[in-house]
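# Quick one, what's the 3D model for this:
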Amino acid sequence: MGHREPYCVVIGGINLDIQGFSSARYVAGDSNPGTVKRAIGGVGRNIAENLVRLGLRTELITALGEGEEWGALIQSTAELGIGLDYSPRFRNLDIPTYLCILEPDGNLAGAVADMGAIDALRVEHLESCRGLLNAASAIVVDGNISSECIAWIVANYGTRSREAKHGSKTDLDAESTSRVMRPLLVADPVSGAKAHKFISCLGQFDIAKPNAAEAAIIAGLSPDAELSNTIASLTAHSNFPLELYISMGEGGIAVAHGEALELIAMCPKSLRPGLVNRSGAGDAACATLVWLSVAARQARAPTPAPYAPSPSVAAGQATASSSAPQPPHIIVPTPREKAQFAIAGALFAAAAEGPVNPRLTIQNLCEIARTCYPELARLTDAIRNGGSP
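This next block holds a predicted model:
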């Protein structure tokens, strides 16, 4: 990219995933035959791993504990190339756990998330990370963190804080935005139960990726509200991010950008990889949106301040992404194209047993994106060749 290597900061959760795969259609209130597997997960951690596998250096700011079990979790995460040196350690902190049951087709039957440990992360710690955050290409906010932390991040990096400092709200790819190289601010609300944290601030994000129920709750409506009513309410309350991607499940992704609203349909089932586990699909979609957006801004950026990566990132980068090409030099995809890529990323993630597909690379993502949406051929070729469409 001619300058320095970009990096992202993800502020959110890390946890132990306990996944029960039901052998037959899950029957509530009964014991269901199946298999139980463990994996390292967490929305923030999953997004971070996807970003690293797509060639972006990534720091994860989360709450970490001490002890043998925590040590194994921290070591395995750092070995992937995810930086943890800015994550504070706490004594007597229980390991966050996500317990879910999956249908034979990979769909979620139900889950319980014990993420109370993330509450140990406080605004005071984020204050101590200002240098890291100021120079980041993107800051991803996972709805597991406290409302107070989200409010602090928005106050310092939200689009309205930019208006106060620079006089106007900028577009993602505007020349003035890339010149200053402010971090892109990205929101993943995580769940309906946590979406309320964004009711007063979603409009200050550059990119947001809620599902339909989360978006409705943020709009002040019931989770089953019609999409048109959700959009109308967000607009009426001036709570629209610059780019809004609403996951509609099998219905695809609804993209709202400026005055435009478009539904990007899922590709035909015959073009999709096999479905195994959808639990990390949304995290992969979010990471894909971040990766493309960072690449687009980076192409227009002048020389920014240098970044000294943390030891764990520097040590782990070769492990996680040495075989993957770096993000494209010049690429300005449209919101529609970003949504198509995000769907492809979600489908690729859902084809693996764990929350993140270990086969994720830029090449593999481009291949599945082109297969699912042949109209992306020109863009995927440009990405794989390190150029522009």
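
# The residue minimising distance to the centre of the chain and residue 47, how far apart?
The centroid of the chain falls nearest to residue 286 when counting by CA atoms, centre = their mean (3.4 Å). As for residue 286, its distance to residue 47 is 5 Å (criterion: CB to CB, to the nearest Å). Where C-beta positions appear, they are placed from N, C-alpha and C, glycine not excepted.

# who touches both of those two?
Shared contacts of residue 286 and residue 47 (CB atoms under 8 Å, 6 or more residues apart in numbering): 140, 188.

# so residue 83 touches residue 56, yeah?
No: look at residue 83 against residue 56 with CB atoms under 8 Å: they stay out of range, at 11.3 Å.

# Need the per-residue pLDDT for the residue nearest to the centre of the chain.
Looking at residue 286, its pLDDT reads 98.

# Double-check residue 340 against residue 264; I have them as touching.
Yes: the pair residue 340 / residue 264 is scored as a contact, 5.9 Å apart, by CB under 8 Å.

# Give me the more crowded residue out of the two.
residue 340 (26 against 21; other CB atoms under 10 Å).

# What strand or helix carries that one?
Element membership for residue 340 (DSSP states H and E) is helix 335-350.

# following that helix, which helix or strand comes up?
The helix or strand immediately downstream of helix 335-350 is helix 362-372, counting by DSSP H and E.

# Just the buried positions in that following helix, please.
362, 365-366, 368-372 (16 or more other CB atoms under 10 Å).

# Next, give phi and psi for the closest residue to residue 59 other than its chain neighbours.
Among residues not flanking residue 59 along the chain, residue 83 sits closest, at 3.9 Å (CB to CB, 6 or more residues apart in numbering). Residue 83 adopts backbone torsions of phi -70, psi 130, taken as degrees, to the nearest 10.

# Please report the distance of residue 83 from residue 206.
Separation of residue 83 from residue 206 (CB to CB) stands at 22 Å.

# the more surrounded of these two?
For residue 83 versus residue 206, neighbours defined as other CB under 10 Å are more numerous around residue 83 (29 against 26).

# Can you list the low-confidence ranges for the stretch 251-389 of the chain?
Scanning the stretch 251-389 of the chain for pLDDT under 70 picks out 299-331, 387-389.

# And residue 83, what's its pLDDT?
The model reports residue 83 with a pLDDT of 98.

# neighbours of residue 293, just the number please.
Residue 293 is flanked by 24 other residues according to other CB under 10 Å.

# Next, the angle from the helix or strand hosting it to helix 362-372.
For residue 293, the host element (DSSP H and E) is helix 281-300. Counting by axes from the mean of the first three to the mean of the last three CA atoms, to 10 degrees, helix 281-300 lies at 110 degrees to helix 362-372.

# helices or strands up against helix 281-300?
Contact partners of helix 281-300 among helices and strands, from 3 or more CB pairs under 8 Å, 6 or more residues apart in numbering; DSSP states H and E: helix 43-53, strand 138-142, helix 175-180, strand 184-188, strand 207-208, strand 243-247, helix 335-350.
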